[in-house]
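In: Build me a structure from this.
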Amino acid sequence: MKTNWRVVLRWVSFGISIAALLVAAGLWIVQRQWNLYLQVSLGVFIIGLAVFVAMDPVAIRKALTGRQARYGSNAFILTIAFVGILVVVNFLAYKYPKRWDLTEDQSNTLAKETVDVLKILPNNVVAKAFFTSSSSIASSKESAKSLLDQYVYDGGGKFQYEFIDPNKDPVAAQDAGISSDGSLVLYMGTSKQSVPTISEIDLTGAMVRLMNPDAHVVYFLTGHGEYPINGGSDQSFTQLTTTLESKNYKVTTLNLLAVLQIPQDASVIVIAGPKKPLADSEVSLLDTYVKNGGSVVVMEDPTIDTQFGSSPDPLANDLAQNYGIVLGNDMVVDAYGYQAFQNAFFAVGYQYATHVITQKMSTMGTGFQSARSVITNDLSGTDYNKTQLITTVEQSWGETDMASIQNNNVNYDQGIDLAGPVSLAVVATGNTNNARLVVYGDSDFATNAYLGFYGNNDMIVNSIDWAAKEENLISLTPKTTVDRTLVQPQAYTMGLILLGSMVVLPGIVLVGGIGSWLARRRRG
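Out: Next up is the predicted model:
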């Protein structure tokens, strides 16, 4: 049989033109550039199509004007319309991307605090993730990529990342100070921050530290029997110290009786649970520090839990006279604490005032073991704007009879005890000097023993952040992970599933096809 080379050339040119069109489409999708390669591909497509038409123009004319073309025009128009709709939808999706997180615990959505930090980034941040090609950490790499993609999505172009294999680029790993596989380092300008674990809390914390490279110094007052800031026991502030240090604070102690001055680098002075009264000289130094714009966080327990005895309390007197903050000589009795925890002296923070410290804690309770009331007095401290930060439920009171407290036999005495709801904390801001005060009627809530109780950690850390004038450092609200368990069906159920999917459904399709074929055959 003689080969018709015109027909062969015609269809070869058609195949080349289609291949060139696919190449051009691929180049445009990947590169989005009108470059030489794209132009050549389109040129080959046009030439190939022209050769296809030129080899047999009569056949093309018949195809376009024949009966089959007329019958197929409807389908062709519908196909073109459908393809056009797909093109428009894809273009809009590319131009205006939008994501929906359908997970129950919003595990694929960054916390609002993180998004807020991304919005105020002063410069671009680059994350360098160091992962080897080891299969043992492949899942960790995927998790890290998923999280970093969320930061890129919400970063507004200010957050980028790259993965580096330290085995292939040991110089980059050495410059970053990487010592373990699966590490990550953030860079902003010439500054960098290592991220201990690739989680949202650690990543966002590292970004905040990049924006605040100078460490703030927090001094915990000592010399009066306060709990230590290290040591690891329940009656210590070890966990609080660790949290503050992870946020780029420098935490240390201060004995005013020894140094007789407040260090100039002090961002916040924390007075946490003194068992003996402060000396007048110490209170005078603190008073001068605050009046010059300093910040102090006070956590003072009920006197019955201290060794004050009948000695005066210069600190409480100073707070009342100069700042209008009154530490009550009582202990809070809370009906809710009794019902929930079988402890009438466990005061639960039920309602929060509108304040930076508590603005993200509306769904988080706080608990105070053996607390005293802290209220405001508008007759003094008029240069300070004061707010009662935390209050208990109405079914509570401030018990003033210390003997009844010791005997664990308390009753509300109207006109003598402080009626509920009882204020447990007060914040104050200087109207002219921008000084900041936070006063709590309890110190136990910040110790290792109670720091993990619901919102206690956020409350004290947020208070120190606010006192240090670093509202951007306020803690992320942790997400609650939903535990999902897949219960495997019983053997009987599995059998029904297999029967339905492998026999019943295909059988229905088969019977329907045979029935349709027989019906057409009967109609001739």
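
In: separation between Ile325 and Ser404?
Out: 26 Å (C-beta to C-beta, to the nearest Å). All C-beta atoms are positioned from the backbone trio N, CA, C, and that covers glycine.

In: The two: which is more packed in?
Out: A side-by-side neighbour count of Ile325 and Ser404, using other C-beta atoms under 10 Å, places Ile325 first with 27 against 15.

In: Next, find the distance separating that one from Thr376.
Out: Following C-beta to C-beta, the distance that separates Ile325 from Thr376 is 6 Å.

In: what is in contact with the two at once?
Out: Contact with both Ile325 and Thr376 is made by residues 386, 426, according to C-beta atoms under 8 Å, 6 or more residues apart in numbering.

In: What sits closest to Val126 if chain neighbours are left out?
Out: Closest residue in space to Val126, ignoring its immediate chain neighbours: Tyr187 at 4.7 Å, by C-beta to C-beta, 6 or more residues apart in numbering.

In: For Leu21, see how far away the one you found is.
Out: Distance from Tyr187 to Leu21, by C-beta to C-beta: 43 Å.

In: do Thr252 as well
Out: From Thr252 across to Leu21, the span is 70 Å (C-beta to C-beta).

In: Look at those two and report which has more neighbours.
Out: Neighbours per residue (other C-beta under 10 Å) separate Thr252 from Leu21, with Leu21 holding more: 17 against 14.

In: Is that one in a helix, a strand, or coil?
Out: When classified by DSSP: H, G, I helix; E, B strand; the rest coil, Leu21 comes out as helix.

In: Helices of the stretch 401-524 of the chain, residue ranges please.
Out: With DSSP state H, counting those that start in this stretch as the criterion, the stretch 401-524 of the chain has helices at 402-406, 456-467, 491-499, 505-522.

In: Now do the buried residues in the first one.
Out: When you say that, I think you mean helix 402-406. The neighbour-count check on helix 402-406 (16 or more other C-beta atoms under 10 Å) flags Ile405 as buried.

In: Now do it: everything it contacts.
Out: In contact with helix 402-406 (C-beta under 8 Å, 6+ apart) are residues 303-304, 331, 345, 399, 410-411.

In: State the pLDDT value of Leu473.
Out: In this prediction, Leu473 carries a pLDDT score of 62.

In: Let the chain start at 889 from now.
Out: Sounds good: first residue 889 from here, last item Leu1361.

In: Where among the helices of the stretch 1289-1412 of the chain is average confidence lowest?
Out: The minimum mean pLDDT among the helices of the stretch 1289-1412 of the chain belongs to helix 1379-1387 (a mean of 76).

In: how far out from the middle of the chain is that one?
Out: 43 Å (C-alpha atoms, centre = their mean, to the nearest Å).

In: pretty sure Pro1010 is touching Met1099, no?
Out: Yes - applying C-beta atoms under 8 Å as the test, Pro1010 and Met1099 come out as touching, 6.5 Å apart.

In: what's the residue most central in space within the chain sitting at in phi/psi?
Out: With distances taken as C-alpha atoms, centre = their mean, the residue of the chain nearest its centroid is Ala999 (3.6 Å). The phi/psi pair for Ala999 (degrees, to the nearest 10) reads phi -60, psi 150.

In: pLDDT below threshold where in the stretch 989-1138 of the chain?
Out: 989-995, 1023, 1084 (pLDDT under 70).

In: Helices of that one, start to end?
Out: For the stretch 989-1138 of the chain, applying DSSP H, counting those that start in this stretch gives helices covering 1000-1007, 1026-1042, 1058-1064, 1088-1099, 1126-1134.

In: Now for Pro1010 and Met1099: what residues contact both?
Out: Here Pro1010 and Met1099 have Met1076 as joint contacts, going by C-beta under 8 Å, 6+ apart.

In: Between those two, point out the one with more neighbours.
Out: Met1099 (18 against 10).

In: tell me the SS of Ile934?
Out: On the basis of three-state DSSP, Ile934 is classed as helix.

In: Same question for the one 5 residues further on.
Out: Secondary structure of Val939, reduced to three states by three-state DSSP: helix.

In: Apart from its neighbours in sequence, what residue is nearest it?
Out: Ser901 (3.8 Å).

In: same thing with Val1327?
Out: Nearest to Val1327 is Val1186, by C-beta to C-beta, 6+ apart, at 4.5 Å.

In: And for the one you found, the neighbour number?
Out: A count of nearby residues for Val1186, using other C-beta under 10 Å, gives 26.

In: With Thr1320 instead?
Out: Thr1320 has 9 neighbours, counted by other C-beta under 10 Å.

In: Could you measure from it over to Gln1127?
Out: From Thr1320 across to Gln1127, the span is 36 Å (C-beta to C-beta).

In: now Gln1062
Out: 34 Å.

In: And the two? Which one has more around it.
Out: More neighbours surround Gln1127 than the other of Gln1062 and Gln1127, with 17 against 11 (other C-beta under 10 Å).

In: looking at it, the more buried one is touching Asn1336, isn't it?
Out: Yes - between Gln1127 and Asn1336 there is a contact under C-beta under 8 Å: 5.1 Å.

In: care to break the chain down by domain?
Out: Under the assignment automatic domain parsing, the domains of the chain span 893-983, 1000-1094, 1109-1361, 1375-1412.

In: Kindly reformat these as TSV containing distance to Ala1103.
Out: Shown next, in TSV, are the domains of the chain (distance: least, C-beta to C-beta, whole Å):
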stretch	distance to Ala1103
domain 893-983	44
domain 1000-1094	12
domain 1109-1361	5
domain 1375-1412	51
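
In: Out of those, which is the most enclosed?
Out: Stretch with highest mean neighbour count among the domains of the chain: domain 1109-1361 (a mean of 19; mean count of other C-beta atoms under 10 Å).

In: Check the offset of that domain from the chain's centre.
Out: Its chain's C-alpha centre and that of domain 1109-1361 lie 27 Å apart, by C-alpha atoms, centre = their mean.

In: State the phi and psi torsions of Thr1264.
Out: Recorded main-chain torsions at Thr1264 are phi -100, psi 150, according to degrees, to the nearest 10.

In: Now it: closest residue in space, sequence neighbours ignored.
Out: Once flanking residues are discounted, Thr1264 sits nearest to Lys1274: 4.4 Å by C-beta to C-beta, 6+ apart.

In: now that neighbour, what's its secondary structure?
Out: Classification of Lys1274 by three-state DSSP places it in strand.

In: okay but it is in contact with Leu1207, surely?
Out: No - using C-beta under 8 Å, Lys1274 makes no contact with Leu1207, being 10.7 Å away.

In: Overlap of the contact sets of these two?
Out: Common neighbours of Lys1274 and Leu1207 (criterion: C-beta under 8 Å, 6+ apart): Ile1213.

In: contacting residues for Leu1109?
Out: By C-beta under 8 Å, 6+ apart, the contact list for Leu1109 reads 1141-1144, 1157-1160, 1162, 1166, 1170.

In: how about low-confidence regions in the stretch 1139-1288 of the chain?
Out: Ranges of the stretch 1139-1288 of the chain meeting pLDDT under 70: none found.

In: Quick one: the helices in it, in order.
Out: Taking DSSP H, counting those that start in this stretch to define them, one finds helices in the stretch 1139-1288 of the chain at 1144-1147, 1168-1179, 1202-1211, 1223-1229.

In: between the ones you listed, which gets nearest to Leu1393?
Out: When these are compared by C-beta to C-beta, helix 1223-1229 sits nearest Leu1393, at 53.8 Å.

In: re earlier: including distance to Ser1134, could the helices of the stretch 1139-1288 of the chain go into a markdown table?
Out: Shown next, in a markdown table, are those (distance: least, C-beta to C-beta, whole Å):
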| stretch | distance to Ser1134 |
| --- | --- |
| helix 1144-1147 | 27 |
| helix 1168-1179 | 26 |
| helix 1202-1211 | 30 |
| helix 1223-1229 | 30 |
